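Undergrad: Attaching a predicted model along with its sequence, questions to come.
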Amino acid sequence: MQLKNIRNRINKKIDSNYKTRQKILSRIKDVLTIDFNKIAVYREEINIKYPDSNTTSTKIENGKKDDIMFKVEIPDSLIGKARYYYKGTEIDYLSIEEANNLEKDLKYILEEIEKYTNEIIR
């Protein structure tokens, strides 16, 4: 009987963590609902570099070679979905802490996507 109680406690902790993470990721994906399929003829991906100023919660780590903070892989078909990477990790695999940081950086990321989109659509 005691083993069952321990197992239940473990599952409750896992479920609580999972639900919290999914809520954050759901909010992020909702904000990133952009029709990238229509610009697929121009580019295969969009890379957002780390900011130079204090506009986001994220700064480039010292010694880090890759200066890409956020990447969007644009689908090559109309039925495909864009894939998003934050600091080299696909957003579906982010920890709660990383997802919270991404959520804080979304304003900067969206502004950069808008600039990039304006450049390629002209």
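TA: Yes, it's here.
Undergrad: what about Y86, how many neighbours?
TA: Neighbours of Y86 under the rule other CB atoms under 10 Å: 22. Quick note: C-beta positions are derived from backbone N, CA and C, even for glycine.
Undergrad: mind listing what the nearest residue to it once chain neighbours are set aside touches?
TA: Leaving out its chain neighbours, the residue that sits closest to Y86 by CB to CB, 6 or more residues apart in numbering is L102, at 4.7 Å. Going by CB atoms under 8 Å, 6 or more residues apart in numbering, L102 touches 28, 70, 86, 91, 94.
Undergrad: Who are the contact partners of the spatially most central residue of the chain?
TA: The chain has I91 as the residue nearest its centroid, 4.2 Å off, counting by CA atoms, centre = their mean. I91 is in contact with 25, 28-29, 84-85, 99, 102, counting by CB under 8 Å, 6+ apart.
Undergrad: can you rerun that using 6 Å?
TA: By CB atoms under 6 Å, 6 or more residues apart in numbering, I91 lies in contact with Y84.
Undergrad: give me phi/psi at E114?
TA: phi -60, psi -40 (degrees, to the nearest 10).
Undergrad: Okay, strands next: where are they in this protein?
TA: Along the chain, counting by DSSP state E, strands occupy 45-49, 68-73, 83-86, 89-90.
Undergrad: Quick check: the residue nearest to Y86 vs I24, distance?
TA: For L102, the distance to I24 equals 8 Å [CB to CB, to the nearest Å].
Undergrad: Tell me how far the residue nearest to the centre of the chain lies from N101.
TA: I91 is 11 Å from N101, by CB to CB.
Undergrad: cool, and N118?
TA: The value you get for N118 to N101, if CB to CB is used, is 26 Å.
Undergrad: Those two: who's more crowded?
TA: Between N118 and N101, counted using other CB under 10 Å, N101 has the larger neighbour count: 16 against 9.
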